[in-house]
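> predicted model and sequence follow; I will ask about them next.
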There are 2 protein chains.
Amino acid sequence: MRGGWQTAWVKRIAVEPQSGRYESLRSAVEAAGAEVVSVPEADALVWADPARSAELGSVVDQGPSLSWVALPFAGIEPYLPVIRRRTDLVWTCARDVYSRPVAEHAIALATAGLRHVVGYARETSWAAPVGRNLVDGNVTIFGAGGITAEVISLLQGWNCDITVVRRTDRPVAGADRVLTSDHAVEAVRNADAVILALSMTDETRHIIDADVLGAMPHHSWLVNVARGGVIDTDALIEALVEGSIGGAALDVTDPEPLPEGHPLWGLPNVVITPHVANTPEMGIPLLARFIERNVATWLADGSVDGVVDPVAGY
Amino acid sequence: MRGGWQTAWVKRIAVEPQSGRYESLRSAVEAAGAEVVSVPEADALVWADPARSAELGSVVDQGPSLSWVALPFAGIEPYLPVIRRRTDLVWTCARDVYSRPVAEHAIALATAGLRHVVGYARETSWAAPVGRNLVDGNVTIFGAGGITAEVISLLQGWNCDITVVRRTDRPVAGADRVLTSDHAVEAVRNADAVILALSMTDETRHIIDADVLGAMPHHSWLVNVARGGVIDTDALIEALVEGSIGGAALDVTDPEPLPEGHPLWGLPNVVITPHVANTPEMGIPLLARFIERNVATWLADGSVDGVVDPVAGY
């Protein structure tokens, strides 16, 4: 193709800001067949840094031709103000891209907790034998998105009885039952592990409160790979100190990062991993592949995956 | 049934010695339909304590009618002298009974290592993000028995590339390739995790030596759920100190229990769990079910599962 009239059809995409993800995202955009340009000339923007939400609003406003903004991560709360201000744009997030590493982390944390690997890691001598199976056990998962689907898929051979808690009672493939959020207490009563893999919204804030914690069996481990705010941290500390649950394995915290000296650091039945369910090493190749696919379908027919609902907030 | 001539057909089983497993094993034997008697009157013996190997020889010699001795565990090295002295008896072990919990422990340790849960468990502040996936990774398993079969089954949904190392090159269901022990170095070259699940024999002693450790990738974790002696511990310590492998997660050690002050205790890239892949809490119900099934088939047609090969030693 050549000729000036056709240039309007060559879609142009900006990749901003410079970051550790920049080069692989730029390559992905080019590999899909789009031209990389500056924001004022661009038809779409691929945002390359999860940590710089404050800048995004003004960058977006510099692009009069933008119709699509791709956010390269799953948790988009810091971006909701600009998403809700600019509902004229299509916003996408990398919702399910990282589900598989995150699901693996959830299982790694659940087994490390139940089998006391967390405690043994801190020993300097041969200690007494403790530990429980996750195989043949009961798992309750909050949330019914991509992470939950992947947890269920990874547990295929584990013969677990799986309960999913979600907003609606729509069935979830591979789950033995689905309960709505108002049955959260009932849902955890027999759980050996409770895995939190839901979005952070006004509705899910502190969904794990004193009542839910109180209903969990004494040996049960709480695993959070969602967002810190879905747990009432004060109630959790109380449950951990009293030993009313087996323990907590937290990849996300409230506040985050968890400050030094915070009571959660000192507890024997807690392990904190610093938001590493999906490390850059694991995630950037997955993200690049996702962006390349999304740019390719956008060029072909304007369709994109992972569209954000500005009202629901995910 | 009644009448003296028939009593010869009511098989009688001794359960010895008194131990934490005694009551559940006695119930299992009775549930299968056998009468529990003392050793001198017994046709078979169920040994109820894994820790008291020294007594077994003299107890067995007290039973002139014994034809079968059931050992309630998988690792039978301490019993080999008496097994080899009394090859007139059928010896069984609980070889595959505990495979499933042990397989779960292997995966728990591999993911705890690769995802740095071991290191994070020792932190008291928010640390840098590190960690690798086991999903979509390469796993090399030494041994082709029940534990390996269960590891492969638990990894069903994980899309791992699985290499099994065994004595012969007979195929293993679910493995992508099988290599014989003389190809151990080649087998670990691309492994993200190396899982040891083989029997301890003269042949497998120190099968993991400096050469095999030297061939493992720098990020790779070594997981031992077999017996401590299959690893050359001095060579392992050297590899761990040099950082030539990612780390070691050891549920079994040489010597075992690992004495306080042993160099393995102090290393940041090591986690020791004190032979808890199968805790009594997990294992006794599995054992009782196995003994009940074995007694039932023995009563029915004289057949039993888990027969020990006195020469091979497992």
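Everything's here; your move.

> measure A:A103 to chain B for me?
When Cβ to the nearest Cβ, to the nearest Å is applied, the distance between A:A103 and chain B equals 8 Å. Every residue, glycine included, has its C-beta placed from N, CA and C.

> next, count neighbours for that residue.
Neighbouring residues of A:A103 were enumerated by other Cβ atoms under 10 Å in any protein chain shown; the total is 28.

> what strand or helix carries it?
For A:A103, the enclosing helix or strand under DSSP states H and E is helix A:99-114.

> count the neighbours of the residue in the stretch 201-314 of chain A positioned nearest to chain B for me.
Proximity of the stretch 201-314 of chain A to chain B (Cβ to the nearest Cβ) peaks at A:P257, 3.8 Å away. Around A:P257 there are 14 other residues, counting by other Cβ under 10 Å.

> could you find the closest non-adjacent residue to it?
Of all residues not flanking A:P257 in the chain, B:W126 sits nearest, at 3.8 Å (Cβ to Cβ, 6 or more residues apart in numbering or on different chains).

> let me see the backbone angles for that neighbour.
With angles defined as degrees, to the nearest 10, B:W126 shows backbone torsions of phi -60, psi 120.

> kindly state the pLDDT recorded for A:D88?
A:D88 carries a pLDDT value of 96.

> ugh, wrong one, I meant A:E281
According to the predicted model, the pLDDT of A:E281 comes to 81.

> A:R95 now?
pLDDT at A:R95 comes out at 79.

> please, where are all the strands along chain A?
Taking DSSP state E, the strands of chain A run over residues A:12-16, A:35-36, A:44-47, A:68-70, A:90-92, A:138-142, A:161-166, A:177-180, A:193-196, A:221-224, A:247-250, A:270-272.

> helices along the stretch 151-300 of chain A, start to end?
Taking DSSP state H, counting those that start in this stretch to define them, one finds helices in the stretch 151-300 of chain A at A:184-188, A:210-215, A:233-242, A:280-301.

> dump those helices into CSV; add mean neighbour count and distance to B:D136 as well.
Shown next, in CSV, are these (neighbours: other Cβ atoms under 10 Å in any protein chain shown; distance: least, Cβ to Cβ, whole Å):
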stretch, mean neighbour count, distance to B:D136
helix A:184-188, 20, 31
helix A:210-215, 18, 34
helix A:233-242, 17, 33
helix A:280-301, 18, 10
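
> make CSV from these and add distance to chain B to it.
Compiled in CSV, those are given as follows (distance: least, Cβ to the nearest Cβ, whole Å):
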stretch, distance to chain B
helix A:184-188, 21
helix A:210-215, 22
helix A:233-242, 15
helix A:280-301, 5
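
> which of those comes out lowest on mean pLDDT?
The stretch with the lowest average pLDDT out of these is helix A:280-301, scoring a mean of 92.

> what residue, apart from its backbone neighbours, is nearest A:D305 spatially?
Going by Cβ to Cβ, 6+ apart, A:D305 has A:N294 as its nearest residue, at 5.6 Å.

> can you tell me how far the one you found is from B:G247?
When distance is defined by Cβ to Cβ, to the nearest Å, A:N294 is 37 Å away from B:G247.

> closest to A:S24 out of the helices of the stretch 151-300 of chain A?
Within those, the stretch nearest A:S24 is helix A:280-301; the backing value is 4.4 Å (Cβ to Cβ).

> what's in contact with the closest one?
A:11, A:13, A:20-21, A:24-25, A:27-29, A:31-34, A:44, A:46, A:68, A:70, A:72, A:92, A:94, A:97-98, A:100-101, A:303-306, B:129-133 (Cβ atoms under 8 Å, 6 or more residues apart in numbering or on different chains).

> centre of the chain versus that helix, how much separation?
Mean-position distance between helix A:280-301 and its chain equals 17 Å (Cα atoms, centre = their mean, to the nearest Å).

> now do it against helix A:99-114, angle only.
Here the directions of helix A:280-301 and helix A:99-114 differ by 150 degrees (axes from the mean of the first three to the mean of the last three Cα atoms, to 10 degrees).

> thinking again about what came up before, list only buried entries from the contacts of helix A:280-301.
The neighbour-count test (16 or more other Cβ atoms under 10 Å in any protein chain shown) marks A:11, A:13, A:21, A:24-25, A:28-29, A:32, A:34, A:44, A:46, A:68, A:70, A:72, A:92, A:94, A:97-98, A:100-101, A:304-306, B:129-133 as buried among those.

> and stretch A:69-77 with chain B, contact?
No. In this structure, stretch A:69-77 remains apart from chain B according to Cβ under 8 Å from any Cβ of the partner chain; the gap is never smaller than 13.6 Å.

> number of residues surrounding A:T124?
Number of residues near A:T124 (other Cβ under 10 Å) recorded here: 11.

> and the one 3 residues further on, by the same measure?
Counted with other Cβ under 10 Å, the neighbours of A:A127 add up to 16.

> I figured it hits A:Y120, correct?
Yes. Using Cβ atoms under 8 Å, A:A127 is in contact with A:Y120, at 6.6 Å.

> joint contacts of the two?
Contact with both A:A127 and A:Y120 is made by residues B:P274, according to Cβ under 8 Å, 6+ apart.

> now, which of the contacts of helix A:280-301 lie within helices?
With DSSP state H as the criterion, helices contain A:24-25, A:27-29, A:31, A:100-101 from among the contacts of helix A:280-301.

> picking that back up, show the pLDDT at the residue nearest to A:P257.
You'll see B:W126 listed with a pLDDT of 97.

> again with A:W9
The predicted local distance difference test score for A:W9 is 60.

> the nearest residue to A:S199 once chain neighbours are set aside: how many residues sit nearby?
Counting by Cβ to Cβ, 6+ apart, A:S199 lies nearest to A:Y314, which is 4.1 Å off, once chain neighbours are set aside. The burial count assigned to A:Y314 is 18, neighbours taken as other Cβ under 10 Å.

> distance of A:Y314 relative to A:Y22?
A:Y314 is 25 Å from A:Y22, where distance means Cβ to Cβ.

> do the same with A:G214
Distance, A:G214 to A:Y22, by Cβ to Cβ: 47 Å.

> count the residues that sit near A:L250.
For A:L250, the number of neighbouring residues by other Cβ under 10 Å comes to 26.
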